[in-house]
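Enquirer: below is the sequence, then the predicted model.
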Amino acid sequence: MKQLIKNREIIEDHWHMVSADSDVAELPDGDIIVPVTLWQKYAEVLRQRPGKVGVRLASDEEPAILASDFNALALIAIEFPNFADGRGYSAARELRTHYNYQGEIRAIGDVLRDQLFLMERCGFDSFAVRADQSLDNALSAFNDFSVTYQGDAREARPLFRR
């Protein structure tokens, strides 16, 4: 089973990633992550199945398209097609601060160790780092900085107000 980082710990990933061309009648048991297009087309069917449902948000998709469904989604996975594409940071911050989304926000795709500290500040709480990255080494990214001056998605107050 694959592993990932969640809440600064290495855990087993029990979620199943579902492709856009999957037949909803033949989905795997357990918790699943579906593309936005599949969710929009089969939301009622997916809500009735056993297990939790999460949605995969592509980098060019806005979180607003899911606004009416946040209560039904246990997880939103935001895809990073390459490490230089920063749109996922904005999407996570918007989910946490504008929509007050309380579920899990997972970074997937081209996720590297050097991004984790800032991703967490934007609202991500789980990270499926790229396969060639060491999870143990990636964990150390959260200790790269001991103090942050600005507020962020987790702590809105700047340092001088804490």
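Expert: Received, thanks.

Enquirer: give me the residue at the spatial middle of this structure.
Expert: By CA atoms, centre = their mean, the chain has its centre lying nearest to Arg106, at 1.8 Å.

Enquirer: bridging residues for that residue?
Expert: Beta-bridge partners recorded for Arg106 (DSSP bridges): Ala77, Ser126.

Enquirer: hey, which helix is longest across this protein?
Expert: Determined from DSSP state H, the single longest helix within the chain is helix 36-48.

Enquirer: and it, what's buried?
Expert: Val36, Leu38, Trp39, Tyr42, Ala43, Leu46 (16 or more other CB atoms under 10 Å). All C-beta spots, glycine's among them, are computed from the backbone N, C-alpha and C.

Enquirer: can those go into CSV with extra columns for pLDDT and distance to Arg93?
Expert: Listed next are these as CSV, based on pLDDT from 0 to 100; distance: CB to CB, whole Å:
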residue, pLDDT, distance to Arg93
Val36, 96, 19
Leu38, 95, 25
Trp39, 96, 22
Tyr42, 94, 29
Ala43, 94, 25
Leu46, 94, 26
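
Enquirer: out of the residues you listed, who's nearest Leu135?
Expert: Proximity to Leu135 was ranked across the buried residues of helix 36-48 by CB to CB; first place goes to Val36, at 27.6 Å.

Enquirer: my guess is that closest one contacts Val55. True?
Expert: Yes - under the criterion of CB atoms under 8 Å, Val36 makes contact with Val55 at 5.7 Å.

Enquirer: returning to that earlier point: how about the residue nearest to the centre of the chain, what does it touch?
Expert: Leu4, Gly54, Leu75, Ile76, Ala77, Ile78, Phe124, Asp125, Ser126, Phe127, Ala128 (CB atoms under 8 Å, 6 or more residues apart in numbering).
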